[in-house]
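Trainee: show me how the following folds:
(chains A, B and C)
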Amino acid sequence: MVRYTVRRLLQAVPLVFGAAVVTWILIHAAPGDPIVALAGEDGDAGYYAMMRERFGLDRPLHEQLFVYLGRLAQGDLGFSYRQNRSAVSVILDQLPATLLLMVPALAVASVIGISVGTLAAARKNSALDNTARTATLLGHAVPVFWLSQVLLLLFALRFDWFPVQGRSDARAGYEGFRALLDVGHHMVLPIAALVTVYVPPIMRVTRAAVIENLDEMYIRAARARGQSRRRVLIRHALPNAMLPIVTVIGSQIGFMFAGSVLVETVFAWPGLGRLLLSAILARDFAIITAMLLMLSVTIILMNLITDLVYSLLDPRVRHGT
Amino acid sequence: MALEGRAAGPVTLRERAASGPGRGRPGRSSARAARGSWRRFASNPVAVVGLVLTVLFVLVAALTSVIAPTDPFSFAGTPFEPPSAKHWLGTDDLGRDVLAGVVHGARTSLLVGVAVAGASLVIGTVVGGVAGFAGGKVDDLLMRLTELSQVLPRFFLALTVVALFGPGLTNMVLVLALTSWELTARVARSGVLAVKELEYVTAAEALGSSPGRNLRTHVLPNTIAPVVALASLQVGGAILIEASLSFLGLGDPNVISWGYMLNNAQSFVRRAWWMSVFPGLAIAVAVLGVNLLGDALNDFWNPRSRSGGESG
Amino acid sequence: MRRLSLIGVILALALLAASCGDDGSDEPISQPAEPAVEASAAESEPASEAPADEPEPAAEPEPAAEESAAEPEPAAEEPAAEAEPAAEEPAAEDSRRGGTLVIALSDDPGHFNPGITTGFNVHAVTGSIFNGLVELDDNANPHPDLAERWDVSDDSTQYTFHLVEGVRWHDGEPMTSADVKFTFENVLLHYHSRTRGGLSGILESIDTPDDTTVVFNFTQPYAALLQRLNSTEAPILPKHIYEGVDDVQTADANLTPVGTGPFKLESYDIDNEITLVRNDDYFKAGLPYLDRVVMRVIPDQNTQVLALEEGEVDYIWRVPGGDIERLSGVDSIVLHGVNSGPGGGFCIPTLTFNSERDVFSDLRVRQAIAHAVNRDQMLAQVIFGQGRVATGPINSQMAFAYSDDVTTYAYDVDRANALLDEAGYASGGTRFTIDLLVFSFGDFPKYGEVMRQNLAEVGIEVEVMPLDRSAFIPRVFGERDFDTNIISYCNNTDPSIGVARMYISSNIGDIPFSNGAAYVNPAIDVLFDEAASTPDVARRGELYGEIQRILTAELPYLWLVETRFTAGSGANVGGLQPNSGHVAETAYFEE
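Mentor: Below is the predicted model of the structure:
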């Protein structure tokens, strides 16, 4: 197991560097000069030259790339000249705000997705199943930013139940428990929007996995031994189906972040979405590359974890290679 | 994406190759298979709904000049006219007809969706096919490349590229295509591998049959159909991403699209609901249609794949 | 395993970031990068409302009637505008005390040093933290701020300011004339682009005979100094903090501002909100009324409007044109016509013809486009009537310099077609294709779309290309790779810089918001020179009139519309000063 893990980790290293190279080149090949964002538009030629030198922008691109990769190897993801500190620390500052939306949304979506998906699988082609599937597909089809706007118009403006923007009430300046409640109040609409896009993949996979597992031989055997259908479902099918669900969360992490960024934009929620957009406008390349790379690394890690979990449960996988 | 979306190491690859993509024996009559699949397909109401919606979507896109012959950018009326007999879906802030925009936007969305799906299909098939045929080092290298394309966050990459290189559908399609062929390549590769294995078994019977003939009778039917089915799932996702980027203000202002209309409508949500409601509905219906259809196709051709369009 | 170390580093950084909180971040020199408020005074700022009770030719340099516009530089402060219900006298009425005012901000400012930038978002915050020597009212008349009174020599070459006694910095140190001298000599004249541009050549010396007296000596008569000494143009910084700092632009002190102003920085949550708390020792007795001011970052203008309507914020700097009509009918909201404050003033979104492109070397083509562009439609549908159609390079509200005796180009498709035929571009189908670069934020793409349709009518195909600021500026002013573009140029207080920069031949090149048309006309160069150094306002008016006549005839640019600009506040907030840097100094909540 340890050897397998180590091998997979080693395999991931070139992948990380590959992603870094692709991202870096794409960003630096683009037109647009960070110097204006960096030094202000009132700078003169001499000042610009000084700033370029200071941030290594005067060197040829391939040299800059090697410098970047060399630093990356030491765990340095770059320096944000806009915020005057390491890009990673800037990103980690904003990450909690984004996770504050994503994690609860994911939890709610999992509960809904798994329970409805399991029920739908148990009664394949029933009215419930068909309704659930249609709803899922609709959830997949509706643009999340549009849905967010609709929610905002209805529940923040028309009914006035929730605030329209932000993470907290700027005026009240609550503290302690009231502050938590206040943040919670601001979270409701963005999370509701996110849940609608997170549920469909989870539900689909749950349903498919449970159906597949229900067909498996041992389940048929179990039923042959006289266990009730419901028992079989809960005892055998669902736990086996958890794996694909883990997989889906792992594989959809990029998609989930994307949804979060769009929702953040509509609700003016300060998080990674805002950071990325403002970094792009300012050509803060370090932030952009670091963010894209961190997303890639997250995806790689999720893949890895999923595979490890698989191999733990199914030794054939491990020894097969 | 879903199940197969994760970067599979060699292990899961092997699994997948073993399970094979298509159903049935590689050599069976494709005509009979087609007939059978159509029956199964037609018996599935979800698939039929998907087909109908997709056909509708394609028809609207194809017949724009008949349904809404005017330039969607032309100032057709006074600004902010609510839906009426003259302008069924109202007009926007510059007096442009929303219906014309929705109709012409269908063409843009379809174009983006099909272009992305088509490009990813070609790239995926070539990479997967070559990897499968060549084996060895080439296979390793290509599959590493495939993994790489999978771990790049496509929405964010597309956003970055479009923001930095300037808005334009071409840029968007390129990035999306370059980040969405992973699954196609894997399926194409395992299809080829399955056929290769089979070749040894049937080597004696097939004595004398040319590589070309092998390709035609064995390889193609077994890889192309599942790969096309997979590609169909890219369409919805691409449409949604295009809309999302346009919504963020990164759309191409020279081409009308639903995302562009929604972005524009943002400033007037309280004044002219019709500006955002109709393009939003259009996206939902179109994506729903192609997803339903893609789903049904994959249920048949790639039973192990449970996928849907998404904006990730 | 290298990756594990990477993860370790990431975790370590996370802890570090968590422990150093706000101090870790700085955004030393960047301009605000956010669409909605991109407006450093150099460009896209809307202007004022109401008839121009302009810089009247003040007879002599009296302290309070000082705005004779003879100065060669623009300041961000603008004269003119309707009377605001703002500026209450700072009487110590305790019934007004208390409350938290929430102001929407379009982007994180990045730092709080107003001396090194003209960026909007920095000044929007620091206007409440720092003071200038004077503050300007809605008509750009100077009033005491740090200086309680001032004398001007008869020839306008020497200004003597008498500072308020006993002013203290937020950290308790006394504020003295040495701070003023230091701020100008070490910061403003180096890093504040407008102050540097305006004063560096002509300000001879600054003397400090005693702690409360500052003397500015000029090499030549300079009549408009007072308009550039407010908290936006010349905020006074603490010498004891910045003295000896290596690099003022990246100093840590820029994140922990120590000012003399009505509010002190309490906390800074990057990209989210900035909290200012009342300065209990403010030198203006009884002020401010508010306990706190919170600047909340809300990037999207529409969301800002919704938040204002819902009472989640109390003040927004810019109300989009499309919302004005609707909001003017909402009782809970008050709209303010605004012409100055942290942004620029007197702005004219302008179409630039790249004179280096063959097609535009023909005057008839430029004229044809001028006739083909429907500027009335732009006025009505892009800025929703918030302004007027421009007639030329100078904003009509700059009364002393504006002339309407110019060549005008009415919307006339037939005339445009005839001109194009004459120029040899055959009609029928597409005559030629041009690109049109616009900023990707605000109203700019909309101008582009209207223009594209307008020009399609006369057979010119326009490809609109929206670019963000970082791509736009180098492409237009550096590479000069464009046929046409639209930029909002702001006149600011005086045409000598706000206008001249677009036309004088010495200003062609890689300078943002310079002579983008690459227009060269020696006669124009001479006229602008003469107008800038002529003290007599009437004579200057004549010179600018001549300039306008020449430019509208030669048409190096097409001036689209004059934009006006509106701020919005909750109706329960009184005493706001939208035209001043100190927007919240006298603000209070009504019962």
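Trainee: give me the buried positions along whichever strand or helix holds A:Leu95.
Mentor: Assessed by DSSP states H and E, A:Leu95 sits inside helix A:87-122. For helix A:87-122, the neighbour count (16 or more other CB atoms under 10 Å in any protein chain shown) marks A:87-95, A:97-98, A:100-102, A:104-106, A:108-110, A:112-114, A:116-122 as buried. Any C-beta I mention is one placed from the backbone N, CA and C, and that applies to glycine too.
Trainee: please enumerate the helices of chain B.
Mentor: In chain B, the helices defined using DSSP state H lie at B:10-19, B:30-42, B:45-62, B:64-67, B:98-134, B:136-151, B:154-165, B:169-178, B:182-202, B:211-214, B:220-245, B:258-265, B:273-301.
Trainee: of the ones you listed, which shows the lowest average pLDDT?
Mentor: Lowest mean pLDDT within the helices of chain B: helix B:10-19, at a mean of 31.
Trainee: what is the burial count for whatever residue of the stretch 151-300 of chain A ends up closest to chain B?
Mentor: Here the stretch 151-300 of chain A gets closest to chain B at one residue, A:Phe255, 1.9 Å apart by CB to the nearest CB. Neighbour count for A:Phe255, taken as other CB atoms under 10 Å in any protein chain shown: 22.
Trainee: flag every buried residue along the helix or strand containing it.
Mentor: Assigned by DSSP H and E, A:Phe255 belongs to helix A:253-266. By neighbour count on 16+ other CB under 10 Å, the buried set for helix A:253-266 is A:253-266.
Trainee: show me how far stretch C:422-433 is from its chain's centre.
Mentor: Offset of stretch C:422-433 from its chain centre (CA atoms, centre = their mean, to the nearest Å): 40 Å.
Trainee: C-alpha coordinates for it, PDB please?
Mentor: The C-alpha trace of stretch C:422-433 is given here as PDB (Å, rounded to 0.1, in the frame of the first residue of the first chain):
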ATOM      1  CA  GLU C 422     -16.700  61.500 -52.600                       C
ATOM      2  CA  ALA C 423     -13.700  60.000 -50.800                       C
ATOM      3  CA  GLY C 424     -13.700  57.200 -53.300                       C
ATOM      4  CA  TYR C 425     -15.200  54.400 -51.200                       C
ATOM      5  CA  ALA C 426     -17.800  52.800 -53.400                       C
ATOM      6  CA  SER C 427     -21.200  52.400 -52.000                       C
ATOM      7  CA  GLY C 428     -23.100  49.100 -52.000                       C
ATOM      8  CA  GLY C 429     -22.000  46.500 -49.600                       C
ATOM      9  CA  THR C 430     -19.200  47.200 -47.200                       C
ATOM     10  CA  ARG C 431     -17.000  50.200 -48.100                       C
ATOM     11  CA  PHE C 432     -14.300  49.300 -45.600                       C
ATOM     12  CA  THR C 433     -13.800  47.600 -42.200                       C
END
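Trainee: you'd agree B:Arg96 is up against B:Thr78?
Mentor: No: counting by CB atoms under 8 Å, B:Arg96 does not reach B:Thr78; the two are 10.8 Å apart.
Trainee: higher neighbour count, these two?
Mentor: B:Arg96 (26 against 12).
Trainee: how close does that one get to C:Ile206?
Mentor: For B:Arg96, the distance to C:Ile206 equals 58 Å [CB to CB, to the nearest Å].
Trainee: follow-up on the earlier one: can you read off the pLDDT for the residue of the stretch 151-300 of chain A closest to chain B?
Mentor: pLDDT, A:Phe255: 83.
Trainee: ok, and does stretch C:309-318 reach over to chain B?
Mentor: No: residues of stretch C:309-318 are not located near chain B by CB under 8 Å from any CB of the partner chain, the shortest gap being 8.7 Å.
Trainee: hmm, that stretch touching chain A?
Mentor: Yes: residues of stretch C:309-318 contacting chain A under CB under 8 Å from any CB: C:309-310, C:312-314.
Trainee: out of those residues, which sit inside helices?
Mentor: Residues of the residues of stretch C:309-318 next to chain A located in helices (DSSP H): C:Glu309.
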